[in-house]
Each structure stands twice: as C-alpha cells, then as structure tokens.
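**Student:** here are the coordinates; sequence isn't available:
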C-alpha cells in the first residue's frame, strides 16, 4: 500500500474518532471533533495531490478515496440531523445523489466506460466540507445552518444532475 492510500485509510480511521468526539460530553468536545474533521478533510487534498504528483494513482485509491469522503461527510451530516441542525430530508437528498451517481458509475464500468470526477462534484465535496467545518465551529446559529444546508443541497443537486446529463448515453433506456 503506497503512502497516498495509507493517508486515505487514515481518513477512514478518523471517522469513528470524529463521531465519538461528537457524542462525548466534555469541555471543548465539539472543538476536538472539529479538529479531527479538519484533519480528515485536509487528508483528502493531500492524498490526491500526492498520488497525482508522485505517480501513486491506484485502482484502490480511485475506489477508496471517494468512499472515504462520503463516509466522512455523511457521518457529520448524520450528527447534524441528530442535533436538529440539518433537516433529515436534506440528508436524504444528499444520500440519494450519492447512491445514484455511484450506480451510474457502476453501469458505466459494466459497459467499459469510466466516469471521471466532474468539476461540479469536486465543488460539491469541497463546499460540503467547508460548510460542515463552519457548522462545527459555530454552534447555535440558525442562519448559518440554513445557508450551509442550502449550499450543500444546491451543489449536491446540481452536480448530480450534471453527472446524469453528461453521461446519459451510459444508461440504455431500453433496458429500464
């Protein structure tokens, strides 16, 4: 396993640490959870840059990196739903987009095509991570929560629609 993949796996290992810190009740527990989330989020940038710059791109990394991102962001959004800061329907739309795009990619692979990450998907991931960081850093701010949930929702829907529009030929509608 190369260094980039080890960083990805470290991100996965930080997810339960983040969740436990969110649940524990001690002074500054949310600040500790924020620090872990920021570290995990930064590792996404580091492992990708390292893999590309040092020719460490692997099939494992292409598979595991986006899964690690989804696991990290979904765990935070689940916490926000539990805390009443994100409506459950927002999380459901975000989850539906993730499953739909993953299914589209699986269909494409089955047809011998690879769907590369779109720019809008990268914007969605980055804006979601920034919004989660803001929501962890600033508690009890309904305006910030509303705006962050709106940004996450809009970027998620836009990128999901874009994936399907740009890759509509992947789906054989005669089989549907």
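**Tutor:** Sure, I can see it. These numbers were taken from a predicted model, which means no experiment stands behind them.
**Student:** Tell me how many other residues crowd residue 110.
**Tutor:** When neighbours are counted by other Cβ atoms under 10 Å, residue 110 registers 9. In short, each C-beta sits where N, CA and C put it, glycine included.
**Student:** And the helices in the chain?
**Tutor:** 3-23, 29-53, 59-82, 88-110, 119-137, 142-166 (DSSP state H).
**Student:** which stretches of the protein aren't confidently modelled?
**Tutor:** 173-176 (pLDDT under 70).
**Student:** and residue 156, what does it touch?
**Tutor:** Going by Cβ atoms under 8 Å, 6 or more residues apart in numbering, residue 156 touches 93-94, 97, 124, 128.
**Student:** Need those in a markdown table (columns: distance to residue 109).
**Tutor:** Shown next, in a markdown table, are the contacts of residue 156 (distance: Cβ to Cβ, whole Å):
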| residue | distance to residue 109 |
| --- | --- |
| 93 | 25 |
| 94 | 23 |
| 97 | 19 |
| 124 | 21 |
| 128 | 25 |
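**Student:** And the buried ones among these, selectable in PyMOL?
**Tutor:** Entered in PyMOL, the line below selects the buried ones among these, by 16 or more other Cβ atoms under 10 Å:
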select buried, resi 93+94+97+124+128
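**Student:** does residue 78 really touch residue 91, like I thought?
**Tutor:** Yes. Contact status for residue 78 versus residue 91: in contact at 6.9 Å, counting by Cβ atoms under 8 Å.
**Student:** To residue 172, which of the helices of the chain lies closest?
**Tutor:** Among these, the nearest to residue 172 by Cβ to Cβ is helix 88-110 (8.5 Å).
**Student:** Specify the angle between that closest one and helix 142-166 in degrees.
**Tutor:** Computed by axes from the mean of the first three to the mean of the last three Cα atoms, to 10 degrees, the angle separating helix 88-110 from helix 142-166 equals 20 degrees.
**Student:** Return the set of buried residues in helix 88-110.
**Tutor:** By neighbour count on 16+ other Cβ under 10 Å, the buried set for helix 88-110 is 90-91, 93-94, 97-98, 101, 104-105, 107-108.
**Student:** Same check on stretch 21-40?
**Tutor:** Across stretch 21-40, burial judged by 16+ other Cβ under 10 Å covers 21-22, 30, 32-34, 36-37, 40.
**Student:** No further questions, thank you.
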